[in-house]
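*Asks:* Please find the sequence and the predicted model below.
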Amino acid sequence: MGIGELDREAHVPEVTGAAAAPRTLAEALRARGDEGLAALLRARPDLLSPVPNDLTQLATRAGTRGSVVRALERLDRFALQTAEALAVAPDPAPYSVLLGLLTGDEGDPVIEAALPGAVALLREQALVWGEDDRLRLVRTARELLAPSAQHPSPTGLGPTVAEATSGMSPGRVQEIIAAAGLPATHDPVSAVAALTGLFTDRDRMGALLDTASADALSVLDRLVWGPPYGEVTAKPAAPVQWLRDHGLLLPVSARTMVLPREVALHLRGGRAHRAPEPVAPVPGVLREYRPQVVDSAAAGQAQLALATVEELLKSWDRGGPPVLRAGGLSVRDLKRTAAALDVSEETAAFWLELCYGAGLLASDGEADERYAPTPAYDDWLDLPPAERWARLVTPWLTATRTPGVAGGQDTKGRTLSVLGPDLDRSPAPEVRHRVLGLLATLPPGSSAEPESLFARLRWERPLRGASAADEGGDLRSRLARWALAEAELLGLTGRGALSGPARALLNLPLAEAAPAGALGGGVEPSVAAGRAATLLAPLLPEAVDHVLLQADLTAVAPGPLRRPLADALAVLADVESKGGATVYRFTPGSVRRALDSGQTATDLHEFLKAHARTPVPQPLAYLIDDVARRHGHLRVGAASAYVRCDDDTVLGEILADRRSASLGLRRLAPTVLAAQTDPTSLLDGLRSMGYAPAAESTTGDVLITRADAYRTGARTAPVPVPDGPPAPDTTLLGAAVKAIRAGDRAATAVRKEPAAAPAAAGALPRTSAAETLATVQAAAMTGSAVWIGYVNAEGGASQRVIAPVRVEGGFVTAYDHTADEVRTYPLHRITGVAELADDQV
């Protein structure tokens, strides 16, 4: 919508008395105090980009379609219903008419109590302006919310009689008023007014409906709450024909009829909405637990989250799966990851995105691009467990990447991949904060009934639910459902109730229910994360430095292991089961892995004796010695590849084994075999045949491999995609209000036009250099203000009100009322000058 279309709401009015009612939106904003303007800019931060020059420009910007849509999307359901009621009311509408549309004929004390707050909210956000006897909805909002055939209103109402009959012939209008028992008129305008008067008169309208048949009333009942349009045949049935003849149904096209708005409101008892919702739904309590139980359960989940992240990234230490050409992880690799973690694919996607969002996982950027841990992962491992947990949950709160939408399709029908593009959903951080905030309003230890929680979220932002990019309808409810599940996985909640560390992370009281809207009270996220970690630390189990060895070649860790022990044991044994106590199993492959890392059998025996609370079982000692005896007996190097062994009978066994056929082996010497495959494949093939070969270098030394050898380059975590402009702080608001006020004072000042050569409307006259110098010098001597036209170094032209202080050296130093500061202007850039009118001096 252009500026010209907003003249009623944004043009600069003539100077009026202070007590006069505002006639435009700009006048209404001008009548506000600084706090009122700051509240508007705080609620609608898009109006600050850039800072408006004056209140007229602010009013114009507040009426643009994009800004109004954003403002409507942030309204709660009752404020939106109030705006929808104003959209179907006369323009302007008295407060009493608006109240009647919301309460109906019977009235509703709850709505009567809530309506002033809703109107005040709409006024604060500049969606409604005017006094209570002349409430006006901003024109763009009325166009968006008013009923039309293309965009039905949520009220279910249709067009007014005047709108529905705008294309009807005068003769047809006269037939309708005659059938309704009204006297004929001389013009269609008075005829439409008479019909409207009939439909809005409760007594006469009731008498007319008393003459309708039951079938005709049944037709009206089907249309009364919407949609108000209905299809008819070329020869409609008698009840429909009666309604059409009496104007209770009006034609939109040859086959479509509509129920006029006035008729529907009469049938509804004056209500615009079937079910107004003036009060926000209260989340219900599902179960209650002792806070200590909740904190204990949450701490257990937090410990499991840390173990899962470590297990995931440790499994990708040598380089993870490849990156798809379009970005992201393939479905096959996601399934493998889920199987390795023993979780569902949806949960595996969450852990992957969590690591990615925390900067612990990224692509390596190589030609054959793969995923791998980042250097930040090693720094993260060195932190205490509670701080590691805080480093995970803090970025999760603000992340816009949403793993729940992975597997769906974008607007072009392409599948969305985990770790791939297009997973950002801007409302996600706000929904997470609101979910946790609503849980905090319940008594400590209480879990919420999910559906009541989702109902509250839908009430708070009814227009922000659906997204064209997502299947499944209500995106906001889906985000809330994912937030609840993810908070439980991370240990922010325990058994569905908010934990003590989570309350500290959100800066909420620990021992009582938080008031609504009390989230985040001005504390830095790092400080809040530190407090949460401090509360969580004593709840986490102590790390242990020992294991319990068993005769079945297993070891039981009775708690989380200390870092060096955990890393060493992960090389020597395979994890068999996880939980409160982790079970490790020793196998020939795991022992060979430890030997490949450079350890000897003696090292392994000493390691187990040092960290086992039980004697080393004989089967385990035999296993280590047996694998060590065979380890390195065969040596594999690059020829493309070769195998050498001091025992030529072993090489003979390999050549005779049918399983070696795929390796392409042939004997070069009694103790050397050449292969037609690479060393890595040769190593894997021999190991699958039951041997324990060792890789060697070109000098014949055994190559030692380490599981933690590969990392990406330094990577930064993905930046959240903001949901609109950021909320301005107090300093910015104060400066913006000051600048807008100063610009408005300058813009509304009246200048004195010279007698000769009058300028065009809205433009300053051009003056010669001598006239400019003389006028500015005179103003400096008298201390008065003048209008100037000024062109800056970039060629931008503007008009300013300045009070000259000093004129010398080709420059004028003056107080600029527009910028509200002292500035210096070159005289040669001043295109014209004019004195202010006498009443503006």
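*Replies:* Structure received.

*Asks:* Packing partners of the helix or strand containing residue 264?
*Replies:* Using DSSP states H and E, residue 264 falls within helix 261-267. Packed against helix 261-267 by the contact rule (3 or more CB pairs under 8 Å, 6 or more residues apart in numbering; DSSP states H and E) you find helix 188-200, helix 202-210, helix 214-223. Using the backbone N, CA and C atoms, a C-beta is placed for each residue, glycine as well.

*Asks:* Contact partners for residue 572?
*Replies:* Residue 572 is in contact with 586, 590-591, 593-594, 604, 607, counting by CB atoms under 8 Å, 6 or more residues apart in numbering.

*Asks:* so where do the helices sit in the stretch 1-150 of the chain?
*Replies:* 7-10, 25-30, 34-43, 55-62, 65-73, 77-87, 95-103, 109-124, 139-145 (DSSP state H, counting those that start in this stretch).

*Asks:* right, and those - which one's nearest residue 309?
*Replies:* helix 65-73 (35.4 Å; CB to CB).

*Asks:* what is the orientation angle of the closest one with helix 55-62?
*Replies:* Interaxial angle of helix 65-73 relative to helix 55-62 (axes from the mean of the first three to the mean of the last three CA atoms, to 10 degrees): 70 degrees.

*Asks:* residues making contact with helix 65-73?
*Replies:* 1, 43-44, 46-47, 61-62, 80, 83, 125-127, 138, 140-141, 144-145, 461, 463-464, 724.

*Asks:* Tell me which residue lies farthest from the centre of this protein.
*Replies:* Distance to the chain centre peaks in the chain at residue 670, reaching 69.4 Å (criterion: CA atoms, centre = their mean).

*Asks:* Check the closest residue to it other than its chain neighbours and give its pLDDT.
*Replies:* With sequence-adjacent residues excluded and distances taken as CB to CB, 6 or more residues apart in numbering, residue 670 is closest to residue 648, at 4.4 Å. If you check residue 648, the pLDDT there is 86.

*Asks:* Likewise for residue 5?
*Replies:* Taking residue 5 on its own, its pLDDT is 38.

*Asks:* about what we covered before: what subset of the contacts of helix 65-73 is buried?
*Replies:* 43-44, 47, 61-62, 80, 83, 125-127, 138, 140-141, 144-145, 461, 464 (16 or more other CB atoms under 10 Å).

*Asks:* picking that back up, could I get the helices of the stretch 1-150 of the chain in TSV, plus columns for distance to residue 770?
*Replies:* Formatted as TSV, the helices of the stretch 1-150 of the chain follow (distance: least, CB to CB, whole Å):
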stretch	distance to residue 770
helix 7-10	39
helix 25-30	38
helix 34-43	42
helix 55-62	34
helix 65-73	46
helix 77-87	57
helix 95-103	59
helix 109-124	51
helix 139-145	48
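
*Asks:* how about those helices, which one is nearest residue 689?
*Replies:* Across those, closest to residue 689 is helix 65-73 (CB to CB), at 65.2 Å.

*Asks:* So which bits of that closest one are buried?
*Replies:* Buried residues in helix 65-73 (16+ other CB under 10 Å): 67-68, 70-73.

*Asks:* Let's test this: mean pLDDT of that helix, rounded?
*Replies:* 93.

*Asks:* what distance separates it from the middle of the whole chain?
*Replies:* 16 Å (CA atoms, centre = their mean, to the nearest Å).

*Asks:* report the angle between the axes of that helix and helix 109-124?
*Replies:* With the same axes, to 10 degrees defining the directions, helix 65-73 sits at 150 degrees from helix 109-124.

*Asks:* and the angle for helix 65-73 with helix 34-43?
*Replies:* With the same axes, to 10 degrees applied, the angle from helix 65-73 to helix 34-43 works out at 90 degrees.

*Asks:* per-residue confidence for the closest residue to residue 558 other than its chain neighbours?
*Replies:* Distances taken as CB to CB, 6+ apart place residue 581 nearest to residue 558, at 5.4 Å, with adjacent residues excluded. Confidence at residue 581, expressed as pLDDT, is 81.

*Asks:* Please look at residue 581 and residue 559 and confirm they touch.
*Replies:* Yes. Between residue 581 and residue 559 there is a contact under CB atoms under 8 Å: 7.3 Å.

*Asks:* When those two are compared, which one has more neighbours?
*Replies:* residue 559 (16 against 12; other CB atoms under 10 Å).

*Asks:* just checking, that one touches residue 545?
*Replies:* No. Counting by CB under 8 Å, residue 559 stays clear of residue 545, with 9.9 Å between them.
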